[in-house]
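Trainee: Dropping a prediction and its sequence here:
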Amino acid sequence: MKTNRMSVPQIRAHKAVGSNPPIAMVTAYDAPGARMADAAGVDIILVGDSLAMVVLGYDDTLSVTVDDMAYHTKAVARTAPGALIVSDMPWMSYHTGVRDAVKNAATLIRAGAEAVKLEGGANRVDVIRALVDAEIPVMGHVGLTPQSVHTFGGFSVQAKTSDAAKKMLDDVLAIEDAGVFSVVLEAVPDVVAARATELLKIPTIGIGAGPNCDGQVLVFHDLLGLTFGHRPKFVRRYGALGELGVKALEGYVHDVKIKSFPSAKEAYQGSESEFADFTYEPK
Ligand code: KIV
């Protein structure tokens, strides 16, 4: 049974002002991850399409489908977390028209999401309005939108010129007006994120957007040290579970090789009476 459920209206109303602490959001893609995030007290679990990169081994997020997202959303939702569950709409699930977008978002809601997230600004206003009209809460995502990796030519910081920053601020205002209940600002200069946070009535949730946002989000595998290779500047590691995992696995391999695993305690002993004279010869 869920207790202290975090809801869309609660998040919508939550600006980190006065004594209101910032919103803590983290990604999760399966039941153990969701349980850990919920036990740690996160406010929002994002079933992110970063799934593609940190779980499925792709170089970008473009390969995941609505079915993949629904499958992982179900795993998270089965744990009935207190945190709000938001699922990413993957690339091409909302780019081919409003009807497709509503149908695909409904698949994620039926899988257990309570809201969806999609990338883009003024160009997504029609889709956002249609989803909101279908009673599907939408979180926005602007700045470095990973689904635009080829348009951007890589995963690079956005809104770096004052013109680009003004365009991004126009975008967040447009999607707020269209009905998003919060917006992720990814990899943008802190001053631009601070201005967005000041201008918007809905909360901003930053990732690589500096401290002046209404919340922060990190990718589960990044913050726990379960990713390998390049680490973006904005990632703070709170654990080294990758290294710990390798050490634990080395211990297992070692014990198997020297036959110290399994011990008698880790095996099932057949009953004395049943197996005292047990023999078997093939027919
Ligand atoms: O997919 C994801 O993990 C995200 C976060 C980086 C915000 O969109």
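Mentor: Sure, I can see it.
Trainee: What parts of the stretch 1-150 of the chain come near the ligand?
Mentor: 27, 46, 48-50, 88, 141 (Cβ under 6 Å from any ligand atom). C-beta: built from backbone N, CA, C; applies to glycine.
Trainee: What strand or helix carries Asp163?
Mentor: helix 162-178 (DSSP states H and E).
Trainee: Next secondary structure element downstream of that helix?
Mentor: Taking DSSP H and E, what comes next after helix 162-178 is strand 182-186.
Trainee: Tell me which stretches of the protein form helices.
Mentor: For the chain, the helices defined by DSSP state H cover 8-12, 31-39, 51-54, 66-77, 98-110, 125-133, 149-152, 162-178, 190-199, 220-223, 241-257, 272-275.
Trainee: Report the buried residues of the first one.
Mentor: Taking 16 or more other Cβ atoms under 10 Å as the basis for neighbour counts, the residues of helix 8-12 that come out buried are 8, 11.
Trainee: follow-up on the earlier one: show me what the helix holding Asp163 is packed against.
Mentor: Secondary structure elements in contact with helix 162-178, counted by 3 or more Cβ pairs under 8 Å, 6 or more residues apart in numbering; DSSP states H and E, are helix 125-133, strand 138-143, strand 182-186, helix 190-199.
Trainee: Would you mind writing the CA trace of that helix as CSV?
Mentor: Output of helix 162-178 as CSV, limited to C-alpha atoms (Å, rounded to 0.1, in the frame of the first residue of the first chain):
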residue,chain,number,x,y,z
SER,A,162,22.3,35.2,-25.1
ASP,A,163,20.2,34.7,-28.2
ALA,A,164,20.0,30.9,-27.5
ALA,A,165,19.2,31.6,-23.9
LYS,A,166,16.4,33.9,-24.8
LYS,A,167,15.0,31.3,-27.2
MET,A,168,15.1,28.7,-24.4
LEU,A,169,13.3,31.0,-22.0
ASP,A,170,10.6,31.6,-24.7
ASP,A,171,10.3,27.8,-25.0
VAL,A,172,9.9,27.2,-21.3
LEU,A,173,7.2,29.9,-21.1
ALA,A,174,5.4,28.4,-24.1
ILE,A,175,5.3,24.9,-22.6
GLU,A,176,4.2,26.3,-19.2
ASP,A,177,1.4,28.0,-21.0
ALA,A,178,0.6,24.7,-22.8
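Trainee: contact partners of that helix?
Mentor: 120-122, 124-125, 128-129, 132, 140, 142-143, 158-159, 183, 185, 188-189, 192, 195-196, 199-202, 204 (Cβ atoms under 8 Å, 6 or more residues apart in numbering).
Trainee: just the angle between it and helix 125-133, please?
Mentor: 30 degrees (axes from the mean of the first three to the mean of the last three Cα atoms, to 10 degrees).
Trainee: what inclination does helix 162-178 have with respect to strand 182-186?
Mentor: Interaxial angle, helix 162-178 versus strand 182-186 (the same axes, to 10 degrees): 160 degrees.
Trainee: got the angle between helix 162-178 and strand 138-143?
Mentor: Orientation note: helix 162-178 sits at an angle of 180 degrees relative to strand 138-143 (the same axes, to 10 degrees).
Trainee: Please spell out which residues along helix 162-178 are buried.
Mentor: Within helix 162-178, judged by 16+ other Cβ under 10 Å, the buried ones are 165, 168-169, 171-172, 174-176, 178.
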